[in-house]
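1. Mind looking at a prediction? Sequence and model below.
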Protein chains: 2
Amino acid sequence: MTETDPATRPGGRTARVRSEVLAAVEAELAEHGYDALTIDAVAARSGVHRTTVYRRWKTVAGLLVDLLGAGADDAWEPPDTGSLEGDLVALNREVHAALTARPSITQAVIAASFRTPEAAGALTTFWQDRYARSALVVTRAVARGEIPAGTDPQQVLLCATAPLYHQLVLLRRPLPRSAADRFARIAAASVG
Amino acid sequence: MTETDPATRPGGRTARVRSEVLAAVEAELAEHGYDALTIDAVAARSGVHRTTVYRRWKTVAGLLVDLLGAGADDAWEPPDTGSLEGDLVALNREVHAALTARPSITQAVIAASFRTPEAAGALTTFWQDRYARSALVVTRAVARGEIPAGTDPQQVLLCATAPLYHQLVLLRRPLPRSAADRFARIAAASVG
DNA sequence: TCCCTAATGCGACGAATGTTGCGTTAAGAT
DNA sequence: ATCTTAACGCAACATTCGTCGCATTAGGGA
């Protein structure tokens, strides 16, 4: 099952083109932001022809989805600090870092998700996976007897991370990391 | 100071055109959703000429911003039920209703805010105003001695409403109204 | 090394999008 | 009732976006 489809050629030039294009996307994102992220601009910067980008990625959203996938860590695991509060604080700091990075790929993909269904699908899949894995911090806390059994993991995680997304993405206002920590503590206390 | 700019003509035909166009926007939004919301489609539906729409509203985002402004209630006040928890529950129900309406103008404007800066500005202004007014429910609770003085209103409000936006807008998953109530209670308890 | 063909490059095309100049209509002041 | 001109209608134009057919390049197996 390790064999690849013989009709495809992922090596050599194809791989080089892909990395060049994705690098161009990131650079363009850093310089001019998501608004100026055009297929033509990416193609021109990468030196790859317009048609090639259109054929392989189809849309701007496709480019961002690929970039998100390339950067995604399949081995990602939620932090394990020994306490629910510590875990949530660490989680929130990851989210905070992802949303305040410049350029923030997450922010760009969120913006793209409002344009094409594929980007929206990719994003919800990504988050669904992340939240499913993160549920571990809650079940561990239950196992430790820290919080009552039957606690809904999704509710705790939403309570912790949602304010960050809302403030930084929708309200578009700055949020210090200390505030991120505070929301994590509130979420932990809400089930304590 | 009640006199209007003599160089402008808000009455008669101009007003009629505006209402026809905004009605077309809402109808188009209800039928085909935000994706299909094109200047041309709106113009064709309203019977107004393309050029007119381009000149007065410039972009799709401009149309939605105007629609948001037309629907905004300047006399809006936060609910006053007598308790912080009751107020927050009522507030969350308003947010929940706005986000689950079909079509949801709020959802459409959020989508538009990721395209053009004007829409983003209009939205942040709108929310800033709403959150500023909503702070009253917290200060009232402080005055009643329900919660300690010095409580940050913004933090409480974020804690209550953010999960709704996150789940319904970004995660794109359904959220029953009972869950909205629950998040309001958590927010109230976090400062109790 | 040679051969097959997937992947890319290239140019041209059509469609959608946005702009401009000018004539026409009607709001509102006199 | 008359006049001025803001707002609108109209058509032509420019630009951007996405697609298609065909030539060229280069992976990777024989």
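-> Alright, I've got the coordinates.
2. where does chain A come near chain B, residue by residue?
-> A:34-35, A:110-111, A:114-115, A:120, A:123-124, A:127-128, A:155, A:158-159, A:161-163, A:165-167, A:169-173, A:179, A:182-183, A:186, A:189-190 (CB under 8 Å from any CB of the partner chain). Yep, even glycine has a C-beta here, placed from its N, CA and C like the rest.
3. Kindly recompute the last result at 7 Å.
-> A:110-111, A:114, A:120, A:124, A:127, A:158-159, A:162-163, A:165-167, A:170-172, A:186, A:189-190 (CB under 7 Å from any CB of the partner chain).
4. Filter those down to just the ones in helices.
-> Under the assignment DSSP state H, the residues of chain A next to chain B contribute A:Ile110, A:Ala111, A:Ala120, A:Thr124, A:Trp127, A:Leu158, A:Cys159, A:Ala162, A:Pro163, A:Tyr165, A:Ile186, A:Ala189 to helices.
5. coming back round to it: buried members of the residues of chain A next to chain B into PyMOL, please.
-> Selection of buried members from the residues of chain A next to chain B for PyMOL, criterion 16 or more other CB atoms under 10 Å in any protein chain shown:
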select buried, chain A and resi 110+111+114+120+127+158+159+162+163+165+166+167+170+171+186+190
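6. got the buried residues for the helix or strand harbouring A:Leu67?
-> Assigned by DSSP states H and E, A:Leu67 falls within helix A:60-71. Of the residues in helix A:60-71, those buried under the neighbour-count criterion (16+ other CB under 10 Å) are A:Val60, A:Ala61, A:Gly62, A:Leu63, A:Leu64, A:Val65, A:Asp66, A:Leu67, A:Leu68.
7. Ok, stretch A:101-120 next?
-> A:103-116, A:118-120.
8. for chain A, what spans make up the helices?
-> Using DSSP H, the helices of chain A run over A:13-32, A:39-46, A:50-57, A:60-71, A:84-100, A:105-113, A:117-143, A:153-165, A:177-189.
9. Can you list the low-confidence ranges for chain A?
-> A:1-11 (pLDDT under 70).
10. cutoff 90 now
-> A:1-13, A:29-36, A:68-74, A:102-103, A:105, A:112, A:114-119, A:192 (pLDDT under 90).
11. Centroid-nearest residue for it?
-> A:Thr106 (4.7 Å; CA atoms, centre = their mean).
12. pretty sure that residue contacts A:Leu99?
-> Yes. Here A:Thr106 lies in contact with A:Leu99, judged by CB atoms under 7 Å, at a distance of 6.0 Å.
13. Packed most tightly, which of the helices of chain A would that be?
-> Highest mean neighbour count among those (mean count of other CB atoms under 10 Å in any protein chain shown): helix A:153-165, with a mean of 24.
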